[in-house]
Every structure is written in C-alpha cells, then in structure tokens.
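Participant: One predicted model, sequence on top.
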Amino acid sequence: MTATPATPYLDARLAKEQQQQRLPSIAAALVRGGQVVWSGAAGTVDARADGPAATPETQYRIGSITKSVVAVGVLRLVADGRVAVTDPIRRHLPELDETLDGVSVLQLLTQSAGLHAETTGPWWERSPGITWEDLLPSVRPAHDPGRRFHYSNVGYAVLGRLIEVERGRPWFEVLQEEVLRPLGMTRTSYDAVAPSAPGLAVHPLTDLVHTEPAHDAGAMAPAGQLWSTVGDLARFATFLQAGDTDVLPEELHRAMQVPTTVVDTPGQSWTRAYGIGLDVYNRDGTRFVGHGGSMPGFQAGVRVDPETGDGVTLLTNSTGGPGAAVAWDLLELLEQHDPRRVTAWHTETDATDMAHVVGGWHWGPRRMELRSAPGGELELSVPGESGRWSRFVPAADGTWTGTEDYWAGETLRAHGDGPRAAYLDLGSFRLTRDPYDPAADLPGGADPAGWHA
C-alpha cells in the first residue's frame with residue numbers, strides 16, 4: 001500500500017474521532033478497486049497514555065459482521081445443492097419446535113423469520129456460552145414469518161447450526177476452510193490472536209474505563225463471535241463488491257445485495273434494508289452494502305459501494321463506539337483529496353450489434369429511451385426522471401435479461417428486420433417507435449381511427 005494524497009486528512013479525521021468520542025483505540029481502512037489504499041489507527045489498546053499503540057494489524061471483535069460470513073457459508077450449501085433457500089428450516093433441523101414450520105432458510109438469512117431477537121436466559125453477549133440443546137427453547141417466534149424485518153441473533157445461531165449439520169463439523173471450521181482462507185483473511189479467527197485489543201467501556205462522565213467480559217458464545221457464536229482486523233475486513237468488502245467464484249457463484253453473490261426486508265424506523269425515511277446477511281444502505285441514492293457489529297467492548301463496521309468498489313472498514317474497542325458520520329467522512333475525504341481515476345470514454349464494438357434497438361421507444365403514450373452500455377448491455381430510462389428504470393444484459397439467444405427494478409429477470413426481445421427494430425417485447429409489454437404504432441402487432445390492436453380529436 002502506497003500513501004495517498006488524502007493520507008494526512010484521513011489520519012487527522014481518525015485521530016479526531018478517537019479524541020472526541022473518547023475511544024481507547026480505533027482502526028480503519030479504505031478500499032478502492034480491490035486494493036487497500038489507506039489504513040490507520042489511533043489511540044492505545046488499553047486507553048493508557050503509555051499503553052500499546054493500536055495499528056491496522058490489531059485484532060478486534062467484529063460482532064454481527066460474523067453473520068455476513070455465516071450467510072456466505074449457508075449460500076455455499078445452496079450452491080452445492082444441499083439446501084434450498086425456500087426449504088423450511090425444520091427439514092434440516094427437525095429438533096426445532098413445530099411453531100417454526102413456516103420459517104424458511106431465506107427468511108432466517110434476511111431477518112424476516114419472525115424469531116425473537118435474543119435468548120430467554122441471561123444476556124448471552126455477557127454470559128458463558130450454552131449448548132445447542134440449551135438454546136432450543138430460545139428459538140421461538142415473535143412475529144409471523146415473512147411479514148416484517150425483525151433482527152434476530154437467535155436466527156443466525158440457527159443458521160450456524162445448519163452449516164454444522166450439513167457439513168458434519170463445526171461451523172467456524174467450515175467457514176475458515178471455505179470462505180476465510182480463500183479470501184486471504186488470515187487474521188480472522190474464532191478467539192483473539194495477538195496483537196489484539198481488550199473490550200472496554202468508557203465512563204460517560206470521567207476518564208475511566210471498565211473491562212468488558214469476552215466469553216465464548218457457544219451455540220450463539222454464529223451471531224457475533226469472530227475477531228478480525230481492518231485489513232481482513234477490507235478483503236471481505238472487496239469480496240462483497242466484486243465477488244469470487246472460488247467462494248460463491250456470481251448469481252448468489254449478487255443475490256446477497258438485493259434489499260429484501262425494509263428496516264422501518266417510525267418517523268424516519270427508509271434508508272436501510274436487509275439482504276442476505278447484509279445491510280443495504282441508501283445514501284442519497286447511492287447503495288452501500290455491508291454490516292455493523294457490536295459486542296461488549298467493541299464496535300465494528302464494513303460498507304462498500306457495489307458500483308465503484310469504494311469501501312470502508314472500522315474497528316474500535318469501546319462499547320460506546322464511534323460516531324455515525326466517521327465512515328462516510330473517510331470515504332468523502334478520500335474522494336475529495338484523491339479522486340477516483342476517471343476512465344476515458346471510447347467507442348464500443350458491442351454498440352454496433354445494438355444499434356437497431358437503441359433510441360426512443362413508447363410504452364403506450366409514455367416515452368422511454370434505450371441506450372447501449374459497455375459489455376453489450378442496455379439501459380432503459382424515462383426522460384426527465386433521474387436514474388435508469390432498468391439494465392439488461394445480453395443472452396446467448398439474442399435477447400436481453402433485466403437485472404434491476406421492475407424488469408429484473410424479465411426478457412427484452414427485438415422484433416423486425418432491417419437496421420431498426422420495429423418493436424420490442426418486454427416481458428409481454430409492447431414498446432413501439434411511435435405511440436400505438438399499428439405496425440407493431442400491438443396486443444388489443446390500435447384505434448382504427450388513429451389519433452383523433
């Protein structure tokens with residue numbers, strides 16, 4: 001990693017966060033194009049002035065970011081044909097209570113299974129871990145499945161057990177072999193490996209700290225056990241953005257990012273949803289995916305823009321944690337002082353093959369515009385409206401398949417010979433060059449009188 005022109009500003013922002021939020025230590029990294037372009041740390045791991053300085057190689061507990069790794073492990077079961085996301089969970093774990101008959105694997109992955117958030121016993125994050133058998137009474141419904149977002153730590157404990165049953169060995173052992181090692185996440189572990197930071201809480205009114213417990217969470221461990229570094233989480237952020245077919249087929253990798261359940265906070269606009277093991281953040285129209293994490297004494301976060309690959313990872317050993325703005329500030333400082341390289345425009349050979357379908361089209365009287373995009377793709381937009389309505393990728397049979405919004409998964413097919421297609425069939429809808437063109441084989445026909453007063 002070489003220094004970026006933004007390094008002094010990034011270092012200063014991180015130091016400011018450590019000082020103003022009274023954090024014992026904080027570490028962060030920024031990723032761009034699959035590479036860590038900056039990493040830094042501030043403070044000491046024990047909060048003492050003469051204590052060991054934190055570095056980007058310091059391990060912290062990552063809490064619920066563990067869930068994202070577990071989700072990848074479950075999707076690997078799907079890729080191997082051992083599990084279907086539509087499977088009822090009791091098909092694989094019949095010891096679960098019959099009240100969970102309506103709960104699917106996908107609902108557990110997307111936090112829509114309706115399970116209670118926490119265990120029935122003592123606060124699991126601060127208590128010695130229990131066995132799967134002891135956990136079973138806590139796996140109980142709070143809401144009807146599939147009806148709402150309801151974050152459940154217990155639900156991800158169930159998914160960890162699913163991995164163990166299907167693979168025949170401990171869930172972390174499976175994830176280490178199938179996910180962490182292939183991604184080069186060698187500093188991500190079940191327990192702390194030096195150099196690591198202890199979990200601390202900072203007194204709200206005086207400059208004193210309180211040591212937090214750090215138990216093995218046992219059967220609840222898939223909900224928040226793991227330890228990692230900002231560098232390892234940067235590798236994970238790159239995987240979330242770019243994928244890795246050695247770890248997960250691209251179709252399933254992309255499926256993780258699809259917003260499935262909306263996080264509906266009363267009185268606030270919808271800015272967050274949940275996909276498969278991932279938060280999906282909507283920041284002024286830009287999507288970020290990732291996850292936050294907390295355990296007593298620790299706060300963690302990873303966010304990455306799936307379009308650009310710009311991402312941020314944060315770790316701190318404070319129960320209170322950093323402010324919400326620091327992650328966004330670091331990304332903005334990087335772009336401000338070291339702008340992302342702009343790729344020059346150039347002609348596309350694929351554009352020749354699409355010349356017959358691009359241009360203005362009409363859905364009834366509503367005008368649309370179809371443009372070519374690199375890689376033989378097409379983009380459909382509505383003039384006067386921001387953004388695109390959908391993107392389409394080419395298929396081997398000469399059609400295109402939608403990837404976004406209403407037309408995701410639907411087929412776009414051009415009809416007519418000659419240099420310009422006569423009409424388009426889009427999921428059975430008809431797009432015509434002129435509104436209600438009678439030559440477009442319009443279902444229901446066109447008014448015989450044509451346009452009239």
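Facilitator: Nice, I can see it.

Participant: isn't there a helix covering residue 330?
Facilitator: Yes - membership of residue 330 in a helix is supported by DSSP: H, G, I helix; E, B strand; the rest coil.

Participant: Leaving out sequence neighbours, find the closest residue to it.
Facilitator: residue 312 (5.4 Å; C-beta to C-beta, 6 or more residues apart in numbering). All C-beta atoms are positioned from the backbone trio N, CA, C, and that covers glycine.

Participant: Each with direction, which strands does the helix or strand in which the one you found is found pair with?
Facilitator: Element membership for residue 312, per DSSP states H and E: strand 311-316. Looking at strand 311-316 with DSSP bridges, its partner strands are strand 25-32 (antiparallel), strand 298-304 (antiparallel).

Participant: same question for stretch 258-275, mean pLDDT?
Facilitator: Averaging pLDDT along stretch 258-275 gives 92.

Participant: First-to-last residue distance for that stretch?
Facilitator: Stretch 258-275 has its terminal residues 5 Å apart, counting by C-alpha to C-alpha, to the nearest Å.

Participant: Could you give me the buried positions within that stretch?
Facilitator: 259-261, 263, 272-275 (16 or more other C-beta atoms under 10 Å).

Participant: So what touches it?
Facilitator: Stretch 258-275 is contacted by residues 106, 110-112, 148-149, 151, 255-257, 276, 279-283, 289 when judged by C-beta atoms under 8 Å, 6 or more residues apart in numbering.

Participant: And for stretch 431-450?
Facilitator: Here stretch 431-450 makes contact (C-beta under 8 Å, 6+ apart) with 359-365, 368, 415, 420, 422-425, 428, 430, 451.

Participant: quick one: residue 63 and residue 294 touch, right?
Facilitator: Yes - using C-beta atoms under 8 Å, residue 63 is in contact with residue 294, at 4.6 Å.

Participant: In terms of neighbours, single out the busier of those two.
Facilitator: residue 63 (25 against 19; other C-beta atoms under 10 Å).

Participant: separation between the more buried one and residue 427?
Facilitator: The spacing between residue 63 and residue 427, counted by C-beta to C-beta, to the nearest Å, is 42 Å.

Participant: hmm, back to that, mutual contacts of residue 63 and residue 294, please.
Facilitator: Counting by C-beta under 8 Å, 6+ apart, the residues touching both residue 63 and residue 294 are 224, 300.

Participant: Low-confidence regions, this protein specifically.
Facilitator: By pLDDT under 70, the low-scoring segments of the chain are 1-2, 386-388.

Participant: Please parse it into its domains.
Facilitator: 1-342, 349-440 (automatic domain parsing).

Participant: Please state the offset of the strand holding residue 312 from the chain centre?
Facilitator: 14 Å (C-alpha atoms, centre = their mean, to the nearest Å).

Participant: Can you tell me what sits against that strand?
Facilitator: By C-beta under 8 Å, 6+ apart, strand 311-316 touches 23-32, 58, 60, 62, 228-230, 233-234, 237-238, 240-241, 290, 298-305, 322, 326-327, 330-331.

Participant: which residue packs closest to residue 184, ignoring adjacent ones?
Facilitator: residue 235 is the one closest to residue 184 (C-beta to C-beta, 6+ apart), at 5.4 Å.

Participant: For that neighbour, list the residues it contacts.
Facilitator: 183-185.

Participant: Need the residues you listed in JSON lines (columns: secondary structure).
Facilitator: Converted to JSON lines, these look like this (three-state DSSP):
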{"residue": "183", "secondary structure": "coil"}
{"residue": "184", "secondary structure": "coil"}
{"residue": "185", "secondary structure": "coil"}
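
Participant: Most neighbours out of these, which is it?
Facilitator: Of these, with other C-beta under 10 Å as the count, residue 185 tops at 23 neighbours.

Participant: That one touches residue 232, doesn't it?
Facilitator: Yes - counting by C-beta under 8 Å, residue 232 is a contact partner of residue 185 at 4.3 Å.

Participant: What are the buried residues along stretch 401-409?
Facilitator: Buried, per 16+ other C-beta under 10 Å, within stretch 401-409: 402, 404, 407.

Participant: can you give me the helices in the protein?
Facilitator: For the chain, the helices defined by DSSP state H cover 7-20, 65-79, 105-109, 132-135, 153-167, 171-175, 230-242, 250-255, 326-337, 349-354.

Participant: Residue 143: which of these is closest?
Facilitator: Checking these against residue 143 by C-beta to C-beta gives helix 105-109 as the closest, at 10.7 Å.

Participant: number of nearby residues for residue 68?
Facilitator: 26.

Participant: who's in contact with it?
Facilitator: So residue 68 contacts 236, 240, 277-278, 290-291, 302 (C-beta under 8 Å, 6+ apart).

Participant: Can you tell me which of those has the most neighbours?
Facilitator: residue 302 (30 neighbours).

Participant: For the closest residue to that one other than its chain neighbours, list the residues it contacts.
Facilitator: In this structure, residue 302 finds its nearest non-sequential neighbour in residue 290, 4.3 Å apart by C-beta to C-beta, 6+ apart. Residues in contact with residue 290 (C-beta under 8 Å, 6+ apart) are 68, 237, 240, 278-279, 281, 301-304, 311.

Participant: As JSON lines, those with distance to residue 194 would be great.
Facilitator: JSON lines is the format used below for the contacts of residue 290 (distance: C-beta to C-beta, whole Å):
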{"residue": "68", "distance to residue 194": "25"}
{"residue": "237", "distance to residue 194": "24"}
{"residue": "240", "distance to residue 194": "28"}
{"residue": "278", "distance to residue 194": "30"}
{"residue": "279", "distance to residue 194": "30"}
{"residue": "281", "distance to residue 194": "33"}
{"residue": "301", "distance to residue 194": "23"}
{"residue": "302", "distance to residue 194": "23"}
{"residue": "303", "distance to residue 194": "28"}
{"residue": "304", "distance to residue 194": "28"}
{"residue": "311", "distance to residue 194": "27"}
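
Participant: Now flag whichever of these is closest to residue 86.
Facilitator: Nearest to residue 86 among the contacts of residue 290, with distances taken as C-beta to C-beta, is residue 278, at 19.4 Å.

Participant: List the contacts of that closest one.
Facilitator: Counted by C-beta under 8 Å, 6+ apart, residue 278 has contacts 68, 71, 240, 256-257, 289-291.

Participant: roughly how far apart are the closest residue to it other than its chain neighbours and residue 117?
Facilitator: Once flanking residues are discounted, residue 278 sits nearest to residue 289: 4.9 Å by C-beta to C-beta, 6+ apart. In this view, residue 289 and residue 117 are 22 Å apart by C-beta to C-beta.

Participant: who has more neighbours, the two?
Facilitator: For the pair residue 289 and residue 117, the greater number of neighbours falls to residue 289 (25 against 12), based on other C-beta under 10 Å.

Participant: these two touch, right, that one and residue 279?
Facilitator: Yes - at 6.9 Å, residue 289 counts as touching residue 279 under the criterion of C-beta under 8 Å.

Participant: The contacts of stretch 258-275, buried ones only, as a ChimeraX selection?
Facilitator: Buried residues within the contacts of stretch 258-275, by 16+ other C-beta under 10 Å, are selected in ChimeraX with:
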select :106,110,111,112,149,151,255,256,257,276,279,280,281,289
